[in-house]
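Novice: Sharing a model prediction with you, sequence too.
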Amino acid sequence: MRSKFFRKSLLILLLVQLTLIAGLLQAEGKRGEDNLPLLIETEWLVNNLSSPKLKVVDFGRTYKDYEAGHIPGAVYLEQKAVWDRVNGIPGMLPASETVAEALAAAGISDHSSVIIYDGANGLWAARLFWALEYLGHKGVHVLNGGWNRWLQDGGEVQKAAPRVRRGNFTARPRPELLATKEWILRNLESQRLRVVDTRSPKEYSGADARSARGGHIPGSVNINWILNITDQKIFLPEYELAEFYDSRGWKKTRLP
């Protein structure tokens, strides 16, 4: 039981934080179905906030912080919308229908262009980004630098919560985006599989155990997620990310 808890807890961390990076490392200028880049810059958002198709989501912060100030028009979404305890395992994605209901209640529809921001280093924004992609949403993006960058760039701040009109969100799960424990075990010996552990070096070594047991998945390599962002808490430029991962042998290593 402890081994099951440990492995699933690790997978939660591994799957989420590299999803956005993987998208950025596709062909240069890769865009979503709505023809917007995966990473949205604050200047662009300032100039397009009034677009009726945009749905800006404040995620990962407390509601108290949201009430104190948020991007104009942004809706608040609780962390529990995509973070649940399932069979005693924390951090699991709730049932697709449950997530879809929370998204629809926040005003998100199938054709919304969703732009997510958080108040930290992009970890929570990346979590929601992955959840939306897993549920088949085609137009999902992350605000580069999040709330802190918005403030630094002089973005307008709103305190009143907008009136939310219920959306029509349909969950269309994409199981190929979810690596289960069973899938990892079946492919662990494959030379074409690369498992990356994005936690800190101490968590990877087991010195800092935050699960039932310390350590890492056999054969996984440790690339701390913090290496993907700059001191200003924005993502490294695409060419630097490409060089960084190519230098570590990550080019063309996916399983089909």
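Specialist: The structure has been received and is ready for your questions.
Novice: Where do the helices of the stretch 51-200 of the chain begin and end?
Specialist: 63-68, 96-105, 123-134, 146-152, 181-187 (DSSP state H, counting those that start in this stretch).
Novice: Out of those, which one sits most buried?
Specialist: Of all the helices of the stretch 51-200 of the chain, helix 123-134 has the most neighbours on average by mean count of other C-beta atoms under 10 Å, namely a mean of 23. C-beta: built from backbone N, CA, C; applies to glycine.
Novice: Alpha carbons only: can I get that one in CSV?
Specialist: Output in CSV follows, covering the C-alpha atoms of helix 123-134 (Å, rounded to 0.1, in the frame of the first residue of the first chain):
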residue,chain,number,x,y,z
LEU,A,123,3.1,25.5,-10.9
TRP,A,124,-0.7,25.9,-10.2
ALA,A,125,-1.3,27.4,-13.6
ALA,A,126,0.5,24.5,-15.3
ARG,A,127,-1.7,22.1,-13.3
LEU,A,128,-4.9,23.6,-14.6
PHE,A,129,-3.3,23.8,-18.1
TRP,A,130,-2.7,20.1,-18.1
ALA,A,131,-6.1,19.3,-16.7
LEU,A,132,-7.8,21.3,-19.5
GLU,A,133,-5.6,19.6,-22.2
TYR,A,134,-6.3,16.2,-20.7
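Novice: list the helices and strands that helix packs on?
Specialist: helix 2-17, helix 19-24, strand 54-59, strand 113-117, strand 140-143 (3 or more C-beta pairs under 8 Å, 6 or more residues apart in numbering; DSSP states H and E).
Novice: and with 6 Å instead?
Specialist: Helix 123-134 makes packing contacts with helix 2-17, helix 19-24, strand 113-117, strand 140-143 when contacts are defined by 3 or more C-beta pairs under 6 Å, 6 or more residues apart in numbering; DSSP states H and E.
Novice: and the ones you listed, which one's lowest on average pLDDT?
Specialist: Among the helices and strands packed on helix 123-134, helix 2-17 has the lowest mean pLDDT, at a mean of 41.
Novice: Quick check: T42 touching W150?
Specialist: Yes - counting by C-beta atoms under 6 Å, T42 touches W150, with 5.4 Å between them.
Novice: so what's in contact with these two at the same time?
Specialist: In terms of C-beta atoms under 6 Å, 6 or more residues apart in numbering, T42 and W150 are not both contacted by any residue.
Novice: in the protein, which helix or strand is least confident?
Specialist: helix 2-17 (a mean of 41; mean pLDDT, DSSP states H and E).
Novice: on that earlier part again, pick out the shakiest of the helices of the stretch 51-200 of the chain, pLDDT-wise.
Specialist: Looking at the helices of the stretch 51-200 of the chain, the bottom one is helix 181-187 with a mean of 90.
Novice: And that helix, how far out from the chain middle?
Specialist: In terms of C-alpha atoms, centre = their mean, to the nearest Å, the centre of helix 181-187 is set 22 Å apart from its chain centre.
Novice: From the contact counts, what lies against it?
Specialist: Partner elements for helix 181-187 (3+ C-beta pairs under 6 Å, 6+ apart): none found.
Novice: if I look at P90, how far off is V196?
Specialist: 21 Å (C-beta to C-beta, to the nearest Å).
Novice: Need the pLDDT of P90.
Specialist: Per the predicted model, pLDDT is 83 at P90.
Novice: what about it, neighbour count?
Specialist: 13 (other C-beta atoms under 10 Å).
Novice: And it, how close does it get to D110?
Specialist: On the measure of C-beta to C-beta, P90 and D110 end up 30 Å apart.
Novice: V56 too?
Specialist: 17 Å.
Novice: Of the two, which one has the most company?
Specialist: More neighbours surround V56 than the other of V56 and D110, with 21 against 15 (other C-beta under 10 Å).
Novice: hey, what's that one bridged with?
Specialist: Beta bridges link V56 to I115, judged by DSSP bridges.
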